[in-house]
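*Asks:* let's see this in three dimensions:
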Amino acid sequence: MRKHILCLLSGCLSLLLPGCSPGDVAVLPSLLSASPLVFYPNATLKKVVSTNDSLIYKPADYEVSVHRISYRTTLADGTPVTASGIVYVPSQLTTAEHPYPLLSYQHPTAFSNAEAPSGAIFSSPTLTYPLYFATNGYIVACPDYVGYGASEQIPHEYEYHRALAQATVDMLLATKEFLAKKGLVWSEQIFMAGYSEGGYATLSAQKLLEEKYASQLHLAGSSCGAGPYAMSDFFSYLTQKTTQGGISNYIYVWETLCYNQIYGLQKPVSYYFKSPYDGQISKSLGNTRTMNVSFDKICTDQFRADIQDPASAFRQALDDNDLTNWTTQTPTQLIHSEQDEIIPFLTTQQTYNALRQRGSSKLNLIAPKSGFHLPTEVLFATQSMKWFAPLRK
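*Replies:* Next up is the predicted model:
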């Protein structure tokens, strides 16, 4: 469990902990450093071209400054860690009608440090989703997650809800400090968006924020795309149905081995995966990219049985990472293509049904009939923008 200083149940020390309420944690300073990376004038942004006809990019009169920040976060056992992220700060040549809100953008699966937000090359702008949101009037905070950027020496705990949630929330707290130190006025509204692992990270962080940080971070809206939120159903599908193999096997095996490590299950690779796949995986996780067979074909019968057994240690790890057993009153949009070939649509359908049944009345589902995993990210970005627009002050 993460070690937080809890608010006293009898009341908060108003001078030291303003706005603290029962259930909230005391927020300590988290920003460690901030450095400017680049400034994009409007003339430069206008030269950026969208490579996808579905993503209309019009920078209008925006300029954008990009900053790298480092901040404090913690591992699940309370160990302090220095993490990092990128903050995009827009401004306009004409006076903005209203202060900008803050949008936390959680990136999808990154297979290397170069694919994390702070691993990008900023010398000349290319159209990224953070830049897209920034040139539509959002201050955009992009956490690297633990395992990338300043914390790249630590193995990334893939699809582990506690690690993703804490790093994301702490990035938001650090960004608030950064804006205050820069004297930048913003609307105090926070939006969250993420796709694939970023979608799972977003919903994980939203749950943590609403439960423990609601008085410090005012969440106005959330948009989650194609994440494996219903984790037990996700693995049940993977080990019972036909999947496409290749890069999909990489992420499924990566998650399996992460949970084995995180939860101290101490099972050998051969417990989960058949020969000869176990030997190939033991040599290098990258070998899974060439395993062009359905995931269920590389899994042992024991592993497949564990997924179906609520009493098994691995199933309990999955249940611990399941995001279907809570309630949110934040306007939240779930986006997932029914044709998704990597993260099955059922994970979002099950989550939508479960959260609605528990009283999450402000939940919306967009489920296009067609569209593979990667291309649907463009739809996610445009639909997120539409979802947030009427929620802005």
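
*Asks:* what about residue 186, neighbour count?
*Replies:* Neighbourhood size, residue 186 [other CB atoms under 10 Å]: 18. Just so you know, the C-beta spots here come from the backbone N, C-alpha and C atoms, and that holds for glycine as well.

*Asks:* repeat for residue 58
*Replies:* Should you count by other CB under 10 Å, residue 58 turns out to have 10 residues around it.

*Asks:* and if you look at residue 175?
*Replies:* Close neighbours of residue 175, defined as other CB under 10 Å, add up to 28.

*Asks:* secondary structure element for the closest residue to residue 145 other than its chain neighbours?
*Replies:* Leaving aside its sequence neighbours, residue 145 sits nearest to residue 167 (CB to CB, 6 or more residues apart in numbering; 5.1 Å). Here residue 167, judged by DSSP states H and E, is contained in helix 161-182.

*Asks:* buried residues, that helix. List them.
*Replies:* For helix 161-182, burial by neighbour count (16 or more other CB atoms under 10 Å) applies to 161-179.

*Asks:* next, the angle from the helix or strand following that helix to helix 161-182.
*Replies:* Once helix 161-182 ends, the next helix or strand along the chain (criterion: DSSP H and E) is strand 190-195. Put simply, strand 190-195 runs at 130 degrees to helix 161-182, going by axes from the mean of the first three to the mean of the last three CA atoms, to 10 degrees.

*Asks:* how far is the following helix or strand past strand 190-195 from where the chain is centred?
*Replies:* Using DSSP H and E, the next helix or strand after strand 190-195 towards the C-terminus is helix 197-212. Once both centres are worked out by CA atoms, centre = their mean, to the nearest Å, helix 197-212 turns out to sit 7 Å from its chain's centre.

*Asks:* now the nearest residue to residue 56 once chain neighbours are set aside: phi and psi?
*Replies:* Leaving aside its sequence neighbours, residue 56 sits nearest to residue 50 (CB to CB, 6+ apart; 6.9 Å). Here is the backbone geometry of residue 50 (degrees, to the nearest 10): phi -80, psi 130.

*Asks:* hang on, isn't residue 50 packed against residue 57?
*Replies:* Yes: at 4.2 Å, residue 50 counts as touching residue 57 under the criterion of CB atoms under 8 Å.

*Asks:* tell me the pLDDT at the residue nearest to residue 56?
*Replies:* pLDDT, residue 50: 91.

*Asks:* burial of it, as a residue count?
*Replies:* 13.

*Asks:* same thing with the one 5 residues further on?
*Replies:* For residue 55, the tally of surrounding residues (other CB under 10 Å) stands at 15.

*Asks:* then residue 330?
*Replies:* Once other CB under 10 Å is used to define contacts, residue 330 is seen to have 19 neighbours.

*Asks:* over to residue 46?
*Replies:* By the other CB under 10 Å criterion, the neighbourhood of residue 46 contains 16 residues.

*Asks:* mind listing what the closest residue to it other than its chain neighbours touches?
*Replies:* Distances taken as CB to CB, 6+ apart put residue 59 closest to residue 46, at 5.8 Å, once the chain neighbours are dropped. With contacts taken as CB atoms under 8 Å, 6 or more residues apart in numbering, residue 59 has the following neighbours: 42, 45, 46, 48, 135.

*Asks:* also residue 291?
*Replies:* Residue 291 makes contact with 245, 246, 249, 277, 280, 298, according to CB under 8 Å, 6+ apart.

*Asks:* out of these, which is most surrounded?
*Replies:* Ranked by neighbour count (other CB under 10 Å), those have residue 249 at the top, with 27 neighbours.

*Asks:* that one falls within a strand, correct?
*Replies:* No: secondary structure of residue 249, determined by DSSP: H, G, I helix; E, B strand; the rest coil: helix, with no strand assignment.

*Asks:* pLDDT score for the closest residue to it other than its chain neighbours?
*Replies:* Taking CB to CB, 6+ apart, and ignoring the residues beside it in sequence, residue 249 has residue 288 as its nearest neighbour in space, at 4.4 Å. pLDDT, the model's per-residue confidence, is 98 for residue 288.

*Asks:* do the same with residue 10
*Replies:* Looking at residue 10 specifically, the model assigns a pLDDT of 34.

*Asks:* what does the one 3 residues further on give?
*Replies:* Residue 13 is assigned 33 on the pLDDT scale.

*Asks:* any idea which element residue 36 lies in?
*Replies:* Here residue 36, judged by DSSP H and E, is contained in strand 31-40.

*Asks:* tilt between that strand and helix 161-182?
*Replies:* Angle of strand 31-40 versus helix 161-182, following the same axes, to 10 degrees, is 70 degrees.

*Asks:* CA atoms only for stretch 34-42 - export them in PDB, please.
*Replies:* Presented in PDB, the C-alpha positions along stretch 34-42 are these (Å, rounded to 0.1, in the frame of the first residue of the first chain):
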ATOM      1  CA  ALA A  34      11.200  22.400 -14.500                       C
ATOM      2  CA  SER A  35      13.100  23.400 -17.600                       C
ATOM      3  CA  PRO A  36      12.000  24.900 -20.900                       C
ATOM      4  CA  LEU A  37      12.600  22.700 -23.900                       C
ATOM      5  CA  VAL A  38      11.300  24.700 -26.900                       C
ATOM      6  CA  PHE A  39       8.900  27.500 -27.900                       C
ATOM      7  CA  TYR A  40       6.800  27.100 -31.100                       C
ATOM      8  CA  PRO A  41       5.700  30.400 -32.500                       C
ATOM      9  CA  ASN A  42       2.400  30.500 -34.400                       C
END
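
*Asks:* buried residues in it, which are they?
*Replies:* If you call a residue buried by 16+ other CB under 10 Å, then stretch 34-42 has these buried ones: 34, 40, 42.

*Asks:* where along this protein do the helices fall?
*Replies:* Assigned by DSSP state H, the helices in the chain fall at 42-45, 129-134, 161-182, 197-212, 231-238, 247-262, 269-272, 277-283, 295-298, 301-308, 313-320, 346-357, 376-388.
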